[in-house]
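K.L.:
need a structure here:
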Amino acid sequence: MIFLVLPTVEILDLAGPLQAFAEANALSPRYAIKTVSTHTKVDSAQGVTLSNLEQLTPASENSLVVVPGVKYAATERTDRRVTEWLRDAYDAGATIASVCTGSFIVGQTGLLDGRRCTTHWSRIKDLARRFPRAHVLDDRLFVRDGRIVSSAGIVSGIDMALAMIEAQHGPLVASQVAREMVVYIRRDGSQGQSSIYLDFRTHMNPGVHRVQDWLIQNPQTKASLEKLADISGMSARNLTRLFRQATGVSIKAYATRIRLELARTLRSDPTLSMEAIARRCGFSDARQLRRLWHGFAVARPLPLRSVMAMKRKKSEEDVRREVAQVKKEIEALEERAEELGQSFWSLDEVQLARKVRGETSKSPFIFAQSWTSGAFVGSNASYSVSVRNPDPTGYSFVYVTIFFGLGDFFSADQAWIGRDTRWPAVSSDRTFLSPNTSQTFSFTYPLPSLLRGTYNGNSLVWSRGGTLFDRTSFDIKLL
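P.N.:
Below you'll find the predicted structure:
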């Protein structure tokens with residue numbers, strides 16, 4: 001963790017993110033924080049002198065470099081050592097994050113070319129003018145594009161830092177840091193809360209926070225209202241009233257969401273059955289878990305910022321411009337995806353336009369990559385597809401269909417068996433994908449009796465030019 005402190009640095013651009021990462025360290029040591037500069041002593045824009053700064057030491061692969069903003073005039077004469085050091089840091093694998101006018105310094109390295117970025121609202125046009133190859137976005141708190149992150153003015157640097165802490169250490173740690181700093185968890189202008197650990201925490205009632213903390217730490221325990229009242233320091237009746245007033249949901253509904261979040265995490269463990277997951281989460285059985293899962297997954301509450309964003313109507317010209325920008329970015333990603341084999345982006349342009357207008361929080365696109373998980377398993381053909389919702393601002397419902405097909409098959413003595421056989425498709429259930437999550441769909445198909453009988457003790461071989469997987473395809477629909 002390296003903070004680049006340059007002459008005329010804006011104090012809050014530096015202090016805000018620095019405080020956030022320091023608070024994360026106070027919970028548990030996570031970051032080795034350095035402050036570096038081209039000088040050992042620097043005067044800030046506010047007249048405060050910062051001293052004992054370290055030299056520009058090389059960054060490592062996992063480093064995070066934060067570039068706080070400086071006075072705008074200072075961005076027009078950036079020290080060449082700074083731009084070379086930032087470029088070297090990025091080439092070494094570091095993530096570069098800027099606050100406010102720090103984006104102008106990063107821009108001079110060429111790292112904003114072809115990337116989405118932002119800066120203080122009053123300097124958006126200047127950033128677009130000086131770096132025409134950058135995709136400058138307005139009305140955003142912060143933007144992440146690969147290992148380049150940029151934030152808008154001043155306090156948004158804290159928002160960016162909290163998002164980075166959440167990405168590295170989870171939403172619970174981020175929410176604890178936010179509470180300690182007495183700030184809200186916010187994302188960009190169109191993004192909602194994406195975790196129960198962050199939902200319903202934008203209040204200042206300490207008793208309700210204590211109950212929420214206890215429920216998060218004990219999801220499998222069914223506590224009585226009287227016990228929760230003791231934790232909160234209130235009467236049971238007062239806790240019930242104030243909990244709903246502070247969060248907008250009942251204690252029971254909140255506890256259920258906590259358990260469902262734990263169930264979502266445990267579902268990634270292939271050794272656990274649904275019954276085992278249900279027991280660990282405090283549900284009576286798998287049937288209750290499934291019923292509640294479908295009930296709550298669809299009806300997720302919108303946070304205040306999303307509601308306000310939906311009220312701000314964008315012009316159709318703005319909508320068309322943003323849709324075109326996203327399509328352009330996806331086209332570039334498709335070119336990269338070709339290198340991965342059977343990989344593609346799926347885009348619903350109508351859904352994209354609705355999302356840009358603020359009419360929905362559904363994700364308009366997904367990324368899919370297929371691979372074989374073993375050609376034949378016993379008498380079955382097997383195939384797996386990984387589906388990812390890369391959109392950090394919206395959820396997806398997906399439906400996966402596999403079309404199994406055979407190429408040219410031969411027995412061990414090279415006798416021809418079959419060619420281009422296609423069987424009925426196999427489909428998955430409708431699946432909910434949270435923002436920035438992935439899921440693997442595995443399919444098996446019984447081989448015809450002829451092939452099953454021929455395949456005995458690895459006696460079945462197939463030609464390189466016509467394998468099962470050359471003929472197999474998949475289709476993914478956004479719902």
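K.L.:
Quick check: the gap between Gln19 and Ala161.
P.N.:
Per C-beta to C-beta, to the nearest Å, Gln19 is found 8 Å from Ala161. Bear in mind the C-beta positions are built from the backbone N, C-alpha and C, glycine included.
K.L.:
same check, this time on Ala223
P.N.:
In terms of C-beta to C-beta, Ala223 sits 34 Å off from Ala161.
K.L.:
cool, and Glu317?
P.N.:
Separation of Glu317 from Ala161 (C-beta to C-beta) stands at 34 Å.
K.L.:
higher neighbour count, the two?
P.N.:
Ala161 (28 against 8; other C-beta atoms under 10 Å).
K.L.:
can you pull the contacts of Thr78?
P.N.:
Leu6, Phe104, Ile105, Gln108 (C-beta atoms under 8 Å, 6 or more residues apart in numbering).
K.L.:
Could you give the average pLDDT over the host helix or strand of Pro17?
P.N.:
Element membership for Pro17 (DSSP states H and E) is helix 11-27. Helix 11-27 shows a mean pLDDT of 94.
K.L.:
Quick check: buried residues in it?
P.N.:
Of all the residues in helix 11-27, those buried under the rule 16 or more other C-beta atoms under 10 Å are Leu12, Asp13, Leu14, Ala15, Gly16, Pro17, Leu18, Gln19, Ala20, Phe21, Glu23, Ala24.
K.L.:
Skipping its backbone neighbours, what lies nearest the fifth one in space?
P.N.:
Just to be clear, that refers to Gly16. Distance criterion C-beta to C-beta, 6 or more residues apart in numbering; nearest residue to Gly16, sequence neighbours excluded, is Ile158 at 4.2 Å.
K.L.:
Please identify the buried residues of stretch 70-84?
P.N.:
For stretch 70-84, by 16+ other C-beta under 10 Å, it's Val70, Tyr72, Ala74, Thr75, Thr78, Asp79, Val82, Thr83.
K.L.:
now do stretch 155-168
P.N.:
Val155, Ser156, Gly157, Ile158, Asp159, Met160, Ala161, Leu162, Ala163, Met164, Ile165, Glu166.
K.L.:
isn't the fourth one right next to Ala22, touching?
P.N.:
No - using C-beta atoms under 8 Å as the test, Ile158 is too far from Ala22 to be in contact (11.9 Å).
K.L.:
can you pull out the helices in the stretch 101-250 of the chain?
P.N.:
Assigned by DSSP state H, counting those that start in this stretch, the helices in the stretch 101-250 of the chain fall at 102-107, 124-130, 156-169, 171-181, 206-217, 225-232, 236-247.
K.L.:
what stretches of the stretch 51-200 of the chain score poorly on pLDDT?
P.N.:
Residue ranges of the stretch 51-200 of the chain with pLDDT under 70: 139, 184-199.
K.L.:
Check the stretch 251-400 of the chain too.
P.N.:
For the stretch 251-400 of the chain, the ranges with pLDDT under 70 are 265, 268-270, 294-315, 329-349, 351, 355-365, 367-383, 390-394.
K.L.:
how about 90 then?
P.N.:
For the stretch 251-400 of the chain, the stretches with pLDDT under 90 are 253, 256-400.
K.L.:
need the contact list for Tyr72.
P.N.:
With contacts defined as C-beta under 8 Å, 6+ apart, Tyr72 is in contact with Thr101, Phe104, Arg123, Asp126.
K.L.:
switch the cut-off to 7 Å
P.N.:
Counting by C-beta atoms under 7 Å, 6 or more residues apart in numbering, Tyr72 makes contact with Thr101, Arg123.
K.L.:
One more: the one 4 residues further on?
P.N.:
Residues near Glu76 by C-beta under 7 Å, 6+ apart: none.
K.L.:
Phi first, then psi, for Ala32.
P.N.:
Reported as degrees, to the nearest 10, the phi and psi values for Ala32 are phi -100, psi 100.
K.L.:
Quick check: nearest residue in space to it, chain neighbours excluded?
P.N.:
Met1 (6.2 Å).
K.L.:
Can you report how many residues neighbour the one you found?
P.N.:
For Met1, using other C-beta under 10 Å, the count is 20.
K.L.:
Residue ranges of each domain in the protein, please.
P.N.:
For the chain, the structural domains run 2-181, 215-222+235-304, 316-478, going by automatic domain parsing.
K.L.:
mind checking the SS state of Gly282?
P.N.:
coil (DSSP: H, G, I helix; E, B strand; the rest coil).
K.L.:
burial of it, as a residue count?
P.N.:
Look at Gly282: counted by other C-beta under 10 Å, it has 19 neighbours.
K.L.:
My read is that it contacts Asn218, right?
P.N.:
No - with contact defined as C-beta atoms under 7 Å, Gly282 does not count as touching Asn218 (8.7 Å).
K.L.:
start to end distance for stretch 125-136?
P.N.:
End-to-end distance for stretch 125-136: 8 Å, by C-alpha to C-alpha, to the nearest Å.
K.L.:
for stretch 210-228, that is, sorry about that
P.N.:
End-to-end distance of stretch 210-228 (C-alpha to C-alpha): 9 Å.
K.L.:
Check which residues of that stretch are buried.
P.N.:
Quick answer for stretch 210-228 (16+ other C-beta under 10 Å): Val211, Gln212, Asp213, Trp214, Leu215, Ile216, Pro219, Ala223, Leu228.
K.L.:
follow-up on the earlier one: check what contacts the helix holding Pro17 and list those residues.
P.N.:
Residues outside helix 11-27 that contact it (C-beta under 7 Å, 6+ apart) are 1, 3, 5, 30-31, 33, 44, 46, 48, 66, 68-69, 99-100, 102, 154-155, 157-158, 160-162, 165, 169, 173, 176-177, 180-181.
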